[in-house]
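1. What follows is a predicted protein model with its sequence.
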Amino acid sequence: MSTIIPAVKKRADYRQPDFLIDHVDLEFTLIETTTKVICISKVTRNGSHNKPLILDGEGIQLSSVCINGTEAADYQQTDTSLTIDIDTDTFELRIESIINPKDNSSLEGLYLQAGAYCTQCEAEGFRKITYFLDRPDVLATYDVKIIADKVNFPFLLSNGNKVDSGDLSDGKHWIKWSDPFKKPCYLFALVAGDFDLLEDKFVTQSGRTIALELFVDKGMLGRGQHALDSLKKAMKWDETEFGLEYDLDIYMIVAVDFFNMGAMENKGLNVFNSKFVLADAQTATDEDYFNIEAVIAHEYFHNWTGNRVTCRDWFQLSLKEGLTVFRDQQFSADMSSPIVNRIQNVKVIRERQFAEDASAMSHPIRPDEVIEMNNFYTVTVYDKGSEVIRMLFTLLSKTGFLAGIKLYFKRFDGQAVTCDDFVQAMEDANDKDLSQFRRWYSQSGTPQIVVTDTYDAISKIYRIAFEQKHIATFEQKEKQNLVIPIQFSLLNDKLESLNLGDTDQQQLTLELNETQQCLEFYNVESKPIPSLLHGFSAPVKVDYPYTQQQLGNVMLGSPDEFARWDAGQQLFSNCIHNLAGKTELQQTTSIAETIAMFEPIIESKDISLALKAEILTLPSFETLFQQLDTVNIDALNQSRKQLFKALAQTFQANWLSHYSAFEKQPYAYQSQQVEQRKMQNLALKYLTLSAQPDVEQLLTQQFNNADNMTDSLGVLGAAQLGDLDLFERLMLAFEQKWHADPLVLDKWFALHANTDRSDILARISILMGHSRFTINNPNRVRALIGTFCFFNVAGFHNIDGTGYKFVADYLIKLNEVNPQIAARIITPLIQWQKVDKTRQQLMQLQLMRIGDTKGLSKDLFEKISKSLP
Ligand code: B3K
Ligand code: ZN
């Protein structure tokens, strides 16, 4: 690889900062390519030492350095730092410099895109704005003055409260903001532009009135209400559930079109990807509505878990992210269907987190080594991090968990702390030893729980043994036993749950902390079937030698809805994995037997529509992929399609009745309607696959009559799955209708990218030239290139290697524009460990090509160097 090797940072190397900054005065004069930044910091030496002050900075043109009002001469600059020799212990440091927001395509630091200035500082973007101690354990209050042209930038926003403003003679104006809460620089934000503004109020539990302001692109006001409503729900929920109230007098959210992630929790001024703000029935799907509510809540919840108590160093990222994801998941569950939510959470773990654990990028939720911090905003840190918090919630009970949270804020409000500090608070508040549980923070990998059981008909004793197994991960060979809460129940052959305790207790939680633990049950009349891992009580894989018949019983009889869904998924998975290599007759029989087990589900009137739709949805290719050690991609893809089709044909009549079961109502994002649309659109997919004679008519009708995006996309998805010519016609009509709406067009780009046709690469190349496509916008790149990479199995993994090469070519270009997005999209390419040798070599070849790129970013370097053998 052609690069100078970037430095590895280690968690164990943490040292307190040599200097502290407790107040910052910033002044920005916004000019496209020459923005002037004046940063005045009140600096104090931390402890007694004579080390110099070393500030971080990247791509900054330094104009002057003054100490206590006098120009300093004694400083040295490198590409990434400014070292100032100083022997005073407390001083005022004034740094004036120039930056270029217009040419900043990395969307990190201060950038100008689509006529608006915007910042993104987490994790280490503040150093692209000014020389500073860019680390989360330096907490300061900020006063910020922004000066800009008044016509083009009527809104000048920053953190905290607006304290002053004025006009200047040259058509410019200025606004001054003051944030009274101490914060690390990663929570700093500035936005300047012209927006439409949606305003509202929230009265807190203590009676304070908070001004809510939502800034959207001109003309988008009608799409902001759902986000604002979601914010109010989140504010209320955090008061009721966690007793946490908002602290500033104003809460602002700005939606921008150019953004690397979903959103950012800057103090009092959240910046959002417009995808997670804007919604109306015509342009947003039910899923979009759901995600907006969840992301708005997530960023809001950060105000306490992240901002008031923040991270000591970036290795502790899960301190705020794992906890905040857990909080947003609980919120979403309370706002809609808990079971559908839990299933979605688990899919993320099984499809993506297990994949990360099995790859060269495996890391514990609290990583030990990092080259580029942006590479660690991962499903492991976020979603497995949330599962770890959830296990604490299970082990300590809701009351115990909330007591721990209370103590955590009492101890650490206003500080930058560690994951250990968090666990300590949980431990102290509950008087429970969590020393072994702490290993979840330091150990990577997916534990496997092997369950075996025996039944003795004479003594009527049932024994069930749980064993935890840990396989080595790429970066960590030695593993230790964890504390794993396993919730389970036992079913008899009449599908009744056995009583497992003294009282009427159907479910037990085993705290598995040894290699193997065995439980005994007496007076058991016949051999029961265990229903395991209720609610996905731990992020593990469970291995029990179920027969298909037993799985069928768990699916029908378990008292836990998650376990019922999971059993159904295992039934499907087993069937799919066992198809290859069988004769045609054997295949037909096995498929028919599996499908027959779902008859009571599809015909059930008792089961909720949401759960029914989930049970009748096949496991994704990604989930199936993660269940195997080595994968024959073509066979797996083929077998999944085979079962899909058979399911469509066998239940054709049921699909038709499900499709037509509900009366059409005007669109509302409301649980019952959401569930009905979900079922209808699932049925439509199956009807299309079953080659239902009048299906084209059904599709066209729904497409033409749809008053909402969920139903329109439902048609396109079905037509695509059925490989119908109609698909192309409808796509054309869709594009004509939505040409001017980039967020909607992203859905169209993504559908194209996921098409299973031999001309897929030509198709994507043409779309790259589409007038609305630009490599500079992460949403467009994710929609087109990201979708191809992550979801188009046949195209990406084409055995001729063209898919890999295509992606590599693109990533080489994207490396120069936006390294963060390039490093996200490369994920499927570095996950070559489970595919066949031929593909492994083809993938590695492309990784080497990218690795040889001149000017390779740290982001890509880290992933490629780890993944190449
Ligand atoms: N904290 C931000 C993510 C920042 C990502 C930096 N590459 C959003 C969130 O998790 O809420
Ligand atoms: Zn977050």
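-> That came through fine. Residues are numbered from 1 along each chain as shown. Ligands and ions are numbered 1, 2, ... in the order given.
2. got the residues of this protein near ligand 2?
-> The chain has residues 321, 324 near ligand 2, with proximity defined as CB under 5 Å from the ion. Yep, even glycine has a C-beta here, placed from its N, CA and C like the rest.
3. Residue most distant from the centroid, the chain?
-> Note on the chain: the largest separation between a C-alpha and the mean C-alpha position, by CA atoms, centre = their mean, falls on Ile458 (51.9 Å).
4. Next one: that one from ligand 2, what distance?
-> 57 Å (CB to the ion, to the nearest Å).
5. quick one, phi/psi of that residue?
-> phi -80, psi -50 (degrees, to the nearest 10).
6. One more: the one 10 residues further on?
-> For Gln468, the backbone dihedrals are phi -100, psi 130 (criterion: degrees, to the nearest 10).
7. Kindly report the same for Met731.
-> phi -60, psi -40.
8. quick one, what contacts Ile850?
-> Under the criterion of CB atoms under 8 Å, 6 or more residues apart in numbering, the neighbours of Ile850 are 808, 811-812, 815, 826, 856, 860, 864.
9. Quick check: the farthest pair among those?
-> The widest separation within the contacts of Ile850, taken as CB to CB, falls between Ala808 and Leu856 and amounts to 12.4 Å.
10. any chance of the contacts of Ile850 in a markdown table, with neighbour count too?
-> Rendered in a markdown table, the data for the contacts of Ile850 read as follows (neighbours: other CB atoms under 10 Å):
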| residue | neighbour count |
| --- | --- |
| Ala808 | 21 |
| Leu811 | 25 |
| Ile812 | 19 |
| Asn815 | 22 |
| Ile826 | 25 |
| Leu856 | 23 |
| Leu860 | 27 |
| Ile864 | 27 |
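11. quick one: which of those residues is nearest Leu392?
-> Taking CB to CB as the measure, Leu392 sits nearest to Ile826 out of the contacts of Ile850, at 33.3 Å.
12. From what I see, that closest one and Ser857 are in contact.
-> No. Using CB atoms under 8 Å as the test, Ile826 is too far from Ser857 to be in contact (10.7 Å).
13. Low-confidence ranges, the protein, go.
-> 2-3 (pLDDT under 70).
14. if you set the cut-off to 50 instead, what comes out?
-> Along the chain, segments meeting pLDDT under 50 are nowhere present.
15. List the residues that contact the most centrally placed residue in it.
-> With distances taken as CA atoms, centre = their mean, the chain has Val379 as the residue nearest its mean C-alpha position (6.2 Å). Taking CB under 8 Å, 6+ apart as the criterion, Val379 is in contact with 348-349, 352-353, 356.
16. ok, now Lys162?
-> Applying CB under 8 Å, 6+ apart, the residues near Lys162 are 175-177, 250.
17. Same question for Cys118.
-> When the contact criterion is CB under 8 Å, 6+ apart, the partners of Cys118 are 110-112, 190-191, 193, 254, 256, 258-259, 271.
18. Report the beta-bridge partners for it.
-> Beta-bridge partners of Cys118, counted by DSSP bridges, are Tyr111, Val191.
19. From ligand 1, how far off is it?
-> Per CB to the nearest ligand atom, to the nearest Å, Cys118 is found 14 Å from ligand 1.
20. Quick check: next helix or strand after the longest helix seen in the chain?
-> Under DSSP state H, the helix in the chain containing the largest number of residues is helix 385-412. As assigned by DSSP states H and E, the chain's next helix or strand after helix 385-412 is strand 416-417.
21. Residues contacting that following strand, please?
-> 136-137, 139, 184, 309-312, 316, 319.
22. hmm, 6 Å instead?
-> Taking CB atoms under 6 Å, 6 or more residues apart in numbering as the criterion, the residues outside strand 416-417 that touch it are 136-137, 310, 312.
23. now stretch 309-318
-> For stretch 309-318, the external contacting residues (CB under 6 Å, 6+ apart) are 11, 14, 123, 136-137, 184, 319-320, 365-367, 373, 381, 385, 412, 416-419.
24. Go through it and flag the buried ones.
-> In terms of neighbour count (16 or more other CB atoms under 10 Å), stretch 309-318 has its buried residues at 309-318.
25. can you give me the helices in the stretch 401-550 of the chain?
-> Counting by DSSP state H, counting those that start in this stretch, the segments of the stretch 401-550 of the chain that form helices are 419-430, 439-442, 548-557.
26. Could I get the contacting residues of Ile147?
-> Under the criterion of CB under 6 Å, 6+ apart, the contact partners of Ile147 comprise 29, 172, 174.
27. Highest neighbour count among the residues you listed?
-> Among the contacts of Ile147, the one with the most neighbours (other CB atoms under 10 Å) is Trp174, at 18 neighbours.
28. Leu53 contacts Ile84, correct?
-> Yes. Counting by CB atoms under 6 Å, a contact exists between Leu53 and Ile84, whose distance comes to 4.5 Å.
29. bridging residues for Ile95?
-> When assigned by DSSP bridges, Ile95 has beta-bridge partners Cys39, Val65.
30. any idea how far Ile60 is from it?
-> As defined by CB to CB, to the nearest Å, Ile95 lies at a distance of 9 Å from Ile60.
31. before we move on, back to that, what's the distance between the residue nearest to the centre of the chain and Ile349?
-> 7 Å.
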